[in-house]
Every structure is written in structure tokens, then in C-alpha cells.
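Visitor: just need the structure, nothing else, for what follows:
(5 chains, ligands or ions: 5)
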Amino acid sequence: MASSHRFNWAWAWPMWALLLLCLPLAWESRHALGLASQMGIAVLACLSFHVLWGQGGLLSFGHAVYTGAGAYLCMHTLQALAAHGWPLPVALLPLLAGVGTAVLALPLGWLSTRRPGTPFAMITLGLGELTWALALMWPAWSGGESGLSGNRAAGPRWGGWDLGQPAHLYLLIAVHTAFGLALVWAFTRTTVGRLLNAVRDNPLRVPMLGYDPQRLRLMAFVFAAFLAGVSGALVALHQEIVTPEVFSIHRSGSLLLFTLLGGATLLGPVLGGVLMVAVMVGLSGLTPAWLLYTGLGFMLGVVWAPQGLGGLVLAARQAFARGGWRPGGRTTSRWLGMVVASASAVALVEMAYQWPQHDTLGPVRLVAGLALDTRSPVPWVLSTGLFLTGLMVCWWARPHEGHRP
Amino acid sequence: QHGQTVRIAFIDPLSGPMADVGRNSLQSWQFVAERQSGAKNPAGVRFVVAPFDNKGSPQESLNALKAAIDQGFRYVVQGNGSGVTHVLADAIARHNARRPDAPVLLLNYAATDPALTGERCTYWHFRIEADTTMKVAALVDFLAGHPELQKVYLVNQDYAHGQQLSRHFKEAVAERLPSVQVVGEELHPAFQLRDFKPQVQRLMASGAQAVVTGNWGEDFVYLVQALQDAKAQLPLFTYYAALPGAPQVLAKGGQSMPVYQVALHHNNPEGEMGRLAADFRRRYKTDFVVYATQTGIQMLGAAMARAGSTDTRRVADVLDGMTFPVLGGTATMRGEDHQLQLGQFISRWQPVDARYPVGAEGTGHTFAPLQYVDARVLSQPVRCNMPRP
Amino acid sequence: MTDALAVSGLLAGYGQSRVLQGVDFELAAGSILAVLGRNGSGRSTLARALMGLVPARGSVRWLGHELLGLPPHAIARLGVAYVPESRDVFPRLTVAQNLTLGLQPRSTRPVCWTQEWVYDSFPALAARWDVAAGVLSGGEQQMLSLCRALMGAPQLLIVDEPTEGLAPQVVTQVDALLRALSTQGMAVLLIEQKLDLSLAVADRVAVMGHGRLVFDGSPAQLLASPAVVQEWLEV
Amino acid sequence: MSAPVLEVAGLHQRFGATEVLRDLNLQVRAGERLAVIGPNGAGKSTLFNAISGLVRPSAGHIRLRGQAITSWSVHKRHQLGLARSFQISQLFGQLTVRDHLRCAASWPDGQGYRFWRMLDHQRTLNARVDAWLERLGLAERAADIAAELSYAEQRTLDIGMALTSEAEVLLLDEPTAGMSRSETARFVPLLRELTEGKTLLMVEHDMGVVFELADRIAVLVQGELLACDTPQAIRANPSVQRAYLGQSQGSDA
Amino acid sequence: MELLVLSLLNGLSYGLLLFMLSAGLTLIFSLMGVLNFAHGSFYMLGAYLAHSLSAAWGFWWALLVSPLLVGALAAMFYAQVLQRVAAHGHVAELLVTFGLSYVLLEVVQLVWGRGPVDYRVPAALSGSVFTLWNVRFPAYRAFSMGVALLVLGALALWLRLSRGGLVVQAALSHPKMAQALGHNVPRVFMGVFACGAGLAALAGVLGGNAFVTEPGMAATVGSIVFVVAVVGGLGSLWGAFWASLLMGLLQTAAVALDLPLGGVRLSQLAPLLPYAMLVGMLALHPRGLMGQRES
Ligand SMILES: Nc1ncnc2c1ncn2[C@@H]1O[C@H](COP(=O)(O)OP(=O)(O)OP(=O)(O)O)[C@@H](O)[C@H]1O
Ligand SMILES: Nc1ncnc2c1ncn2[C@@H]1O[C@H](COP(=O)(O)OP(=O)(O)OP(=O)(O)O)[C@@H](O)[C@H]1O
Ligand SMILES: CC(C)C[C@H](N)C(=O)O
Ligand SMILES: [Mg+2]
Ligand SMILES: [Mg+2]
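Guide: Ligands and ions are numbered 1, 2, ... in the order given. You can find the predicted model right below:
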């Protein structure tokens, strides 16, 4: 994994922050706004995971414990605040929740970070499963399977600031995300940040430099927990409900997977977070086959970009720096082949999913006007043919790989 | 409002362990909506039902709800999972408070938790199926006629629906049928067990004479399999023995176990409902079991006709306390708690015969109606005082 | 006699950086070629390239086979053995297991180096035959790495700094061993730091600089040309 | 003569059945250079491991600068002024050469566990690191990833980390191993200069280096201290001849 | 008494099934170090294939062919995908195997539908072998216990005798060196991977009808197998064996006894036990029961 500090982010994060802050102005649709909010939150969560994995080489299978803890802390405070009418602005809850989570992470982190590698991964897995199950078993605190809900518009309002309105909430989220990104970026360039990389690469050597590896790991862990807590709290505010699901192993899983897919550079978690929402909210809304696409996406993604999508972007950037990308005959035709192949593959998949419910859902409509009747053989044969042709083109125009310097 | 299109968002599990039930419900809604669109409903509107998969999770349900609202849906139907219903009801109440101009209505077509029309009732939630207290009433009514069944064992899912069923069953027998005693009770995690052997072992050990379960979907299937493996013969009282997948399994046991079902549904309805069910089976190759969908569409049609509009606010006000025609009678949406007052069938699992020729899921067996328990019998006292806009 | 190993125009490197800029040399069976050079001059890269461990271009012919493009295990099965400078013993396997892995699957060559032989000639290993190789001392690991390579009864031995970390006595022992091997007809490519040792052992010495062989001749010739030593070996 | 800065008393080191170090006693005076020699597997590196805390001695005591450190953790020992290099280089694969030295210099520079200060802004630290890069001859490699260094460069970096920490007591395990003769020739004087006024323990098989650098030589055989004396005495010592030097006496020297 | 004996037997048979599952993972995860997230999916695929095959040719053929098919598939996957990314470390492997698990799940649901399929115990084995205190012990359970023990024996022998195990362990630390010694590391890895997958499938064939064959079955065993592998100790077959038995017994005992403690009942805690055990084990003794290494 390429360590993030080798790529200058000095300009990147303020621009990103600016972009985020401008989005709601650009968008009318509440749906798009919702998506953007979720992306912001997801990015924050992935950033927190990045601190552990990208910087510390710690692969956590139970990170949802901390996002979840943040969510519940936030929700409980929100309810209390609504109940007792505390003069505490809701906008501050995420930070509070973050701090609370960090405190919580101290003992758990101490337990988890004593050893890196598999023991860490598996302890976090265990803690994750335990927390999830316990939350379900303790409805008094977790609200049982239908969870706790609250009203984010509660609490004192200052100067027309009304979190009830999506745009305002969005701004809150954007600020936190930008702030988190800046924080992580800075962290990667501090002494501790660098030593953390050292621990990641060779834990045996670090003590000989006067530092206690576990303490370094623990610091990273607590910092990550803080970010996770903040993002969890934002989820709570965005959804206005928290269920034990926030602890589910699937949450931890998707956090892990998409951050890894993003890659170990600071760009990774950003891409990962955006992609996570795009897939799990966007794609799953578009097609019943979204899981299949996700699975294939992971496989191809890793085969093509083993360093993660972030790595891919950086590589492209360097490629441009070195005289740019010359679309030679081969490259273009390869891309063409890929497009054809994947398009027809999508057609096939969609038809495969549709034909059992042909009567309910009728023919497959990929693009306006084009209707594929899943019961006539024609579209099947056609798209299969196209698919194979596409593959053949790709193969014929494949790059001369590997064995040359 | 004539000629208008009413878009209804269907939010229920279309993937995961509850997917089969969800998909069947979706098909029912779409089928009924199509069948009653246009001239066939008093309001002359066109009903369209769009699916939103909530993967059975409250969180996802909220995402789905957000998406639906953003896409301009104002009518939401949901039922598979009382937990989810609670969440949606809360969220919708919040939303309607924030955007009073275009409120959202929630038609709950299956979720049975009484709290939905009790402690936690809201103005925007309408239940068009009997709640657990009513179904239990029907059960107790039936058990009263079977004095030989003294020892009852409860097996339920450990979430709102199952918990409430256990609780209210115990209350009801304690109150109205003291002769019956509950000799044991299981509350197992919902949709997580694959093997009910231990539960069944305890059940058999308890010397029970009858089992009552509200389990549905896979939890019902696996329970029955375990019972069959244990060669159990005691009668099984159920809510959801006709939902997709269940009859197949029951049929494997043949008649080894007497099975009863308390539901709006049985496999051999007469008249229009019969034709409807037949057409449905012809089209989807599966049974039409969610009758509440039919009731729901009829109710909306009637309400819109009366309101002379499809505007949710107006429709809600009309629904509040409205009595309207349903297949084979009338039903009333009680104003105080928005709980539909409608009777239930108690049906029995038996081989198809001349009188009841239609088998469940194409098996040689069917649910044949034993008795129709009238709404008046089922009706329960109001336990709700909702804030009204 | 014929040249068993013929390398010509060998280019190799890592990613963008090119290390070998075109290396040519021959190596006859039964002779020892010592490759000298400054640190970082690319000698280990040469070894790796011959073994198929780094992407390379050019031509490497060994007993009539073209080695380039073959995967390492195929090369090894042609009787080529490699002792890396970083020893690379398998830390979690015992010494004995490490040696076993030196034996090649379905090898047709006669096995002349048995574990007994190893333990006799390197008592240090004999004492520790059943401990995990990872805990061996540096020198012990070096011996193990060498013996492991010999277990496969190779005909070409590529050794990268075999005497590093060895006590003087053992160093002399290894010299003797290498000489013995070559007299038994094995071709040895010796990458060595210690000039005097190389000169003593090798039949021919090559000097590498800037990714090329800047000198190739007998030890005597090298000593006779102080310019080369001056430019490519001294600081 | 000054009090010993490092003192090893009655040190035993057992691993299961094998006894690697037997009743080892050793005193090192401040500012002296002690070379530890001995056949392979004699226990030299193990001795270093025990002193630096990588293994817990089975018995015996270790005192560093007057403190009993026998049960101290590794990093505490370093904080007390003990640094070492490894026989088999221990580097951070993904870090650049510069960052290696930065990490090594952080503690002595008083950085502690600071997570609010940017590395780039630590003037003294960076100045010190640049100076060391020059001295070690790694300056032009400063921006490269450690994994891309050649073997000898990696060895240099490993030793460089020990030196950069500028600790009182240095343990170097075969510093010149893997270095070509010329590199060694360049390195030895450097080493002498850098360890001026510091205490140096080194394991070395290159007798040339040993006799050139060491004030005293300790000969370790089979985990026992065979002799500990001035180079001349050791060179003359017949049992050492037999046990270690062999005929190739002072090879390469 | 009966209850005790019965749950003891149930525990054993469940434990042994668990072992068969984790035996495969012991090969793939703790030997090869591949974080294989598709293991549960191979288990599921095995069950579904067995369902169809036994419908076509009968159970015994299914028992034989289904694991072979899955093994072949796994081998192809390894050669085509896993091998390419292996160079980039375990994270890449984790991702692709995870992707595979999604794909397999969806494919299975496309082919066999989203509900459970009716895969039943073969008639030949549906009887019961013996009866203790009128507790019938199903022949099928006995049979699958036997198979599990057979697997254990075979694997133990293979690890003892063949050099494959050695090569894999060696390649774990220095893949290139192992290859440079003339061992075709990629092929060995492919073989071991396929073998592990085949074992998972075998577990599927036997577990699919002992329990239920449905799309969720992969997820249910997904993480428990890792728990077994780790509690047993990485790289240790016997460790995995004892760990599986331990878990099987603990869980069934917890469910059967079902003592009330505090607010909850023991049976509710049953699913937690393995993870509690995992955390405890790692906290106190990270090498697991008989592990050779920590990571
Ligand atoms: N894995 C690698 N990636 C990139 N560059 C490398 C890699 N390994 C070596 N190099 C570079 O290739 C050049 C030659 O390295 P090589 O190890 O062949 O030198 P050498 O002659 O063996 O020196 P030494 O005496 O230190 O072993 C060096 O400049 C080194 O930086
Ligand atoms: N953890 C351990 N377990 C068992 N034996 C060990 C362990 N560590 C070292 N040994 C043994 O102790 C002996 C001494 O090892 P050590 O590394 O100290 O030798 P050394 O003097 O450094 O030799 P060299 O000059 O080759 O480096 C070796 O035989 C080694 O096998
Ligand atoms: C569709 C029904 C099975 C839903 C169930 N009655 C519940 O309330 O959760
Ligand atoms: Mg080298
Ligand atoms: Mg040593």
C-alpha cells in the first residue's frame, strides 16, 4: 500500500470541502441532497477506518461498534434533550458523541490493539458480533429491533438554523466531513502518524526507537473511534432513528470492503465512501441485481486496481504527468470491447432476473425505448453474441502484460 | 379526481429471508390495484403500486420511505414486520408535522402489533387487517369449543409481533378461558434459527396438547419441519400457515398434524373473491393469500370518491371513521384508533374434496373455512388517543 | 569445453527503474565465475533475473534451454539453484523441513547431498535440526540456505554472498566446498563482496558497474589491471 | 577507571532445552568500544537481544547507566539511551529512507507522543536527519522506499537508525556484513568518528574491522565467555585461535 | 438424563459438521493465509448442487460429485482471479473472495430461487441407528459424523506425509524462494484452495439436509468458521477439530439447558458463546488452542 504522505494533499482537502459545501446550492432535488448527505457521512466513516487500516495496518472487522456507539449516544442525548428541554444545540451532538465514543474506545481498544494482524482482526470481529447481539438483547437501552427514534429539529434554534430542513442538516454533515478529512490529512503528517506507519510495517523495530507500539496503535484506535462516533451520530441525525442494526456485522463489513476498495491513500476513503452510498442506496434502488453487480465489481475492481481505486487515480495522474494517455488503436478498441461486453452482460443479467416475474414486471427496459422481451429467445441470443464479441475484442486487443521490464 | 393516477409505494422485504412473503404481497397489491383501476372503482382513479425493497430492516425502510417521498409518493403500504411499521409510522408522523401541506398516509395491511393502534397510534396510520388482540379473540373463541385442549404451548418470534401475540394470548385465556393453561413459551430470535429441534424438544417434553404460533415465512417453515421430524401430532394454531412456502411443507406431513389458521384468508372463497384468487393463481402461479390488499384498494377507492380528491389530507379525514363495502359485506375504519373492524376466518388444513376443491400451492391439501368470526366478536376496546391535526 | 550458461543482452529492473543495462557472459560447467562490484551495482538483480524472479529481457540459455520467460520453478527443475543474499530460510519450518524442501519433486538428477552429509559438514546445523529455522543465528541460517540449495543436486549454483555473517573458519570451509563442487562439474555463479576470497576461489571474475559487466577475465588479469579495481571496486 | 555504563551479571538464556547463554559476566566502561566475536551460534545476537530486551533472560541481571533494566520493556531501555541495529535488517517497508531516520530521531528530539505537531515543521529534527543522511551516504536515496534499496543500502539504513538516535550505548550486530570491501573501508572510520565518546558494542566476523575498531574484544563460544581482553592479547590467545579464528586468521584484514 | 444424552450427541454431531466446514478453512485461511470470505458460499453451493444431483442420480452420487464440482470451480476461480491479486496481499484476496460470495449467492438464488429448497435426508439413512432411554439417534447424523472423522484422518495423513503442506507453509513466508526451489507454488496453492472448497461443499452436502438448504445458509456459517479456525489456532488442524467440538457442545448445551440468568435466558446467549470464546481466547492466549503462529 502506498503511504498517503507521498502525495501532496495540501490543495486537495480544502477544495473538496468547498465542493461539498456548494453542493446543496446546486441541487434542487431532495433525493440528491439525501444521497449527498449519506455520502458525506459514509466518507467520514471510511476515513475513520482508513486511520486504522491505511495508516496503522489494522484490519477491523467490527468497526460498526464505534459508528453504532456514536449513533446511540447521539440518539439518547437527543431524546433527553427533547424531553428535558436542555439548552443544548443539536448541532453539537456529533462532536459530543465522537468524544463519548473515543472514551468508550479506550478499554475496548486496549483489549484489541495489543497485537496487530489476525488477532486484532478477530478480536474486533468478536467484539462486533457481541455488541450487536447484546444490543438486541437489551431493548431497554437499544430500543429493541425497531430501535429509538428522535426528532432532530428539537432543541434550541439559533438564527433560523433548523436541522429539520435537509439542506441545513446537509451543511452540518458537510462541515463535519471536511473537518474530518482535514484532521486525518493532518494526522498522517504528524510524528505519531508517521510512527504509526512504522508500526504497521514492522512492529518489532519500533520499540528500539523508544516508542511503545501498542500505545501508538491505541492512539490511532481512539482517534478512529472518535471519527466513527461523529459519523455515527450524523447517521442518527440524518435517519432520526437508531436500531441495533447499526452494530450489525454487515455495517462493519461494508465499511471495511469499500474502504479497502478505495485504497490505502487518503483518496481511498473518499472514493470508498461515495461508492458505498452510490451502490447501497443508488444501485440497489435501480436494479434487483445490485448484489451481483457489486460482487463482480469487487472482483474486477481488485484485479484491475489492486492498489485500490485511489491508487488507480494516482496512477492515471502520474501517467498524465508522463506524457499522458495516448489512445492507440489497441487501447481504444479494448475500451470499446469492454463497453460492449459489459453492456450486453448487464442486459443478460437484467433479463435473467426479470423473466421469472415477467408477468409482474413486463419486459426489461434498460434505456428508454429499448424493451427486451425476456420470453422471446431473440434478445437472449443477441446479447450473448454481443457479450462474446466484446470479450473477444478485449482479448485480441489485450496489452502485452507482465514479463517485461 | 376522475382519471387521476394514485401512486402507492409498497415498502416491504423483497430480498432476504422474508422475500417470499414480501414478493407475494407485492404481486397481490399490484394485481388488485390493476384489477380495480379506472371505472372499476368509485373514484375512477388509476392505482399504481411501486415496490421499494426494505430488505426487512427498519433502517432500510426509512431510506425507502425517504426515496418514495422524494419521488412524490404520498400513499405508503407496508405490513411485513411490525417493527418496521412502528418505525415508518413515527417517521411519517415527523414528516407530516414538518410538511403539513402534503402529508403521507400509511396503510398497514398485515402488521399485527396492537400498539400501532394503541399506545403508539398516530393519525396517519391505518390498519386494514385484524390486530393480534382480535386474532387471539377469535382463537380463544374457537378453543372454548374444544375443551379437550387444556395445555397450550406458545412458539413465537422475539419481536413486537411475536411478543404481543404471546402476551395477549396469555391475558386472553387468563381472562376468558381459565381452564386453558399455557405450559410453555418460546420467544426465539426472528429469522435467525435454522433448526428448531431444541424448541420442539422442550415443547414435546412439556406435555402440551396444542401449539400456538404467529411465526411466518422461514420461521414457520423450519418450525413445522422440526415438528414433523419429531413426529409431533398435536394441533397447531397459526396466523400465517398459508403464506408462500408454508403449505408445501405442511403437505409433506400430510395430515399428521391438525393445523388451524386464523386469517382473513382461506383457500376456497366464493364469488368475486374466488374469481380474483383464480385469476391471480393463473397469472402468478401462486396463491392469493393477502386479502387485505383487496380491502385496502376498495377502501381507498371509496374514500377518494367521497373526498372527491386524491389529496392525502382529505382522504385521511374521510377514512377516519368511514364505513365502506368490501367483498361480502362492509367494514368500518374505526375513527378512534384507525383499526379496521372486519371479521376473520378460522380454517383447517384438510385434503381437497368436492366442497373445497382448490388446493393450497397446488398441493392435495387446502385450508377450508370452519367458521367466520364476525367483527363484532373480535372488536376490542379502544386504547388510543391520537393527536389530530 | 562448451559453455553451459550463456547470457546475452540481459536487461532487467524493477518497475520503472532499469538496473541491468545489458549483461553478457558465458559460464562453463565445472567453473566458478565471481561477480564483483560496488553495492547497488546490480549483482543481486542479475541473480534474480537468471532465476526468473524479476522481469527481464534478452537471452539466457542454459544447457540449450531458454530460461527467460520460464517461471522460477521450471528454471529450478532444469538444475539451477539459488542462494539469495537475504537467506530466505522458511522461519516456521524446522531445519530438517527446510532441507527437505530443497529436494525437488520428481527430480531425475542423482541426489548427492543428503541430510546426513549436511549435518556432518555443518555441525552447527546438526545440533539444531529440529528447531524452527527462524530462530537460527544469522550464520546458521546462511549455512542452511546454502545446504538447502545443494539438496536439489543442481548443475548451476547461483550464490549471492554465501559467506556473509559466517565465522572465518566456516568461510574457509565454504570456499573449499565451492571449489569441490566445481571440480565435480558444477557451474557456480558466485556473487561476493570479499575481493581476496573471490580471487582465491574463482576461475574467472567479472566486475559489474552501471548495470553492465565492465570487466571479465581471470583473477590474475584483474589484479593486473588496477584501473578497473580503482574505478569499479574502490571508493 | 570509570564505572561500567553497561553491566551484565550471571546472565543465563535458555530456550526450552537449549541453553544459549551460560553465566555471562561482562562490564563495559563508558566510551569504550567492545567487539564481541565468536563462532556462529555462539550467542552473540542473543546477548544483544537480552541487553536490548527482546528476550527475557532466564537468569542474571543487566544494569544500564546504573539502573537495573533486566525487566524493563524495550522502549523504556531505548529511552534510557540504548540503541541497536539488527543482523538481519529490520526496516519499515513502505517508509522512505528519510522517514526512517525521522522516526529514529523523534524520541531523542523530545517529540514524545505528539499528534498535533506536523513533522515537516520540526526544524531541529529535520536538520538532524538531513545531517545523518549525508553522513551515511544515503542522501540521494532519501526519498526512496526502503524496500527498493539494495541489500547493503538496507544494512546501512538499519545501522543509520541506531546511530541517528544518538544514544549513549550502541549495539551493532555485524555492521559491515554485506558491505563490499571498499564500502567497509569507507565505513569503519566513519563508525569510529560517529561513536566518539559513546559506548559501542559490536558483533563482527570481519577481523579487519574488529582489530581496527575495538578497544577490547570479548570472545563468546557456546554461550560462554572464553576471553575478554585487548586485541593483542586475543590475537595471541591460542584457545581463541582454535575456537574461532582458525587458520584464516584475520581474513580480509 | 435423556435430554443430556441427546444434547450431548447433538452437540457432537453439530461440532463435527462445524469441523468439516472449518477443516476447509483451516487449509485455506490458516494454512494459505487467504482470508476466504467465500467459504460459506462454497458450503451453500455444495448443498444446492447436492440437492439437484441427488434428485437426478441419487444421494450417493451427489455426495461424491458435488464436492468435486465445487472444488473444480474453486480451482478455476483461483487460477483466473485469486492468483492475479495474490501478489498484492491478503487484503486483495479478501476483497475478491468477498465479491465471489456475492456472486455465488445471487447465482444460487437465480437458479434455485430465493426460498429454501427441499433437500431431504436419503431414505437409506433416514432411520435411526440406536435408541438410548427411548431417545432415537438418527442414522444420518451418525453417518455424517463418520464422514467428518474420515476427513480428519485423511487431512492429518496428508499433512503428515505429503510435502504439499510444507510447501504451502514455506510459501507463506517466502513464496518466491519456495518457487525458486523448484516447487510449483501456484499449482500447489490452487490444489489446496480447491481442496478446502471441496471440503466446504462436502459439509454442505451433509449439512444441507441435516439443517435447511436456503440462500441464507452461507451467511449463517460465514464468520463462525473463522472463529473455529482462530480459537483452534492458526495452522493447526487438530486445533480446529477440538475447537469445533467445544463450540458444538457449548452451543447445544446452552440451548438445551436454557437456564434463566438475569434478564435473559441461556438459550438466547447461545449464539454469543463462540464470539465470547473468541475474544477471551485471543485476549488470554492469542495462539489459540494449538496454534503455531499468531498471524
Ligand atoms: N525491489 C526493488 N525495487 C526497486 N529497486 C530495487 C529493488 N531491489 C533493488 N533495487 C535497486 O536496484 C539496484 C541494484 O540492486 P542490487 O540488490 O542488485 O545491488 P547489489 O549489487 O546486489 O548490491 P548489494 O551489494 O547491496 O547487494 C539498487 O540501486 C537498488 O536500489
Ligand atoms: N528463540 C530461540 N529459540 C531457540 N533457539 C534459539 C533462539 N534464539 C537463538 N537460538 C539459538 O541460540 C544460538 C545462538 O544464536 P545467536 O543468534 O545468538 O548466534 P550468534 O552468535 O549471533 O551467531 P551468528 O554469528 O551466526 O549471528 C543459535 O544456535 C540459535 O539457534
Ligand atoms: C405479514 C405478517 C407476517 C407480519 C406480522 N404479522 C408482523 O406483525 O410482523
Ligand atoms: Mg546484493
Ligand atoms: Mg548473530
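Visitor: just the strands in the stretch 101-250 of chain B please.
Guide: B:105-108, B:125-127, B:151-157, B:181-188, B:210-213, B:236-238 (DSSP state E, counting those that start in this stretch).
Visitor: one more: the stretch 251-400 of chain A?
Guide: A:364-365, A:371-372.
Visitor: residue nearest the centroid of the chain?
Guide: Using chain A here. A:G273 (2.8 Å; Cα atoms, centre = their mean).
Visitor: the intended chain is chain C.
Guide: Closest-to-mean residue, chain C, Cα atoms, centre = their mean: C:V159 / 1.7 Å.
Visitor: list the helices and strands the helix or strand encompassing A:L171 packs on?
Guide: Counting by DSSP states H and E, the element that carries A:L171 is helix A:166-187. Judged by 3 or more Cβ pairs under 8 Å, 6 or more residues apart in numbering or on different chains; DSSP states H and E, helix A:166-187 is in contact with helix A:12-26, helix A:30-50, helix A:213-239. All C-beta spots, glycine's among them, are computed from the backbone N, C-alpha and C.
Visitor: distance from it to the middle of the chain?
Guide: 15 Å (Cα atoms, centre = their mean, to the nearest Å).
Visitor: before we move on, back to that, could I get the strands of the stretch 101-250 of chain B as CSV with distance to D:I145 and mean pLDDT?
Guide: Listed next are those as CSV, based on distance: least, Cβ to Cβ, whole Å; pLDDT from 0 to 100:
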stretch, distance to D:I145, mean pLDDT
strand B:105-108, 59, 97
strand B:125-127, 62, 96
strand B:151-157, 56, 95
strand B:181-188, 55, 91
strand B:210-213, 63, 96
strand B:236-238, 66, 96
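Visitor: can you list the weak-confidence ranges in the chain?
Guide: Just so you know, I chose chain A. A:1-17, A:20-21, A:23-29, A:159, A:319-330, A:357-362, A:367-369, A:399-405 (pLDDT under 70).
Visitor: switch to chain D, please.
Guide: D:1-2, D:245-253.
Visitor: next, format the strands of the stretch 251-400 of chain A as JSON lines and append mean neighbour count and distance to C:G139.
Guide: Output for these, formatted as JSON lines (neighbours: other Cβ atoms under 10 Å in any protein chain shown; distance: least, Cβ to Cβ, whole Å):
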{"stretch": "strand A:364-365", "mean neighbour count": "18", "distance to C:G139": "70"}
{"stretch": "strand A:371-372", "mean neighbour count": "16", "distance to C:G139": "71"}
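Visitor: can these go into JSON lines with extra columns for distance to ligand 3?
Guide: Formatted as JSON lines, these follow (distance: least, Cβ to the nearest ligand atom, whole Å):
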{"stretch": "strand A:364-365", "distance to ligand 3": "29"}
{"stretch": "strand A:371-372", "distance to ligand 3": "33"}
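Visitor: so for ligand 5, which of the ones you listed sits nearest?
Guide: Nearest of the strands of the stretch 251-400 of chain A to ligand 5, taken as Cβ to the ion: strand A:364-365 at 69.2 Å.
Visitor: which residues in chain C form helices?
Guide: With DSSP state H as the criterion, chain C has helices at C:43-50, C:72-77, C:95-102, C:115-121, C:123-126, C:138-151, C:168-183, C:195-201, C:219-224, C:226-228.
Visitor: and the residue nearest to the centre of chain A, how close does it get to D:L213?
Guide: Going from A:G273 to D:L213 by Cβ to Cβ, to the nearest Å gives 56 Å.
Visitor: ditto for B:S28
Guide: 90 Å.
Visitor: go on, E:V231?
Guide: Applying Cβ to Cβ to E:V231 and D:L213 gives a distance of 52 Å.
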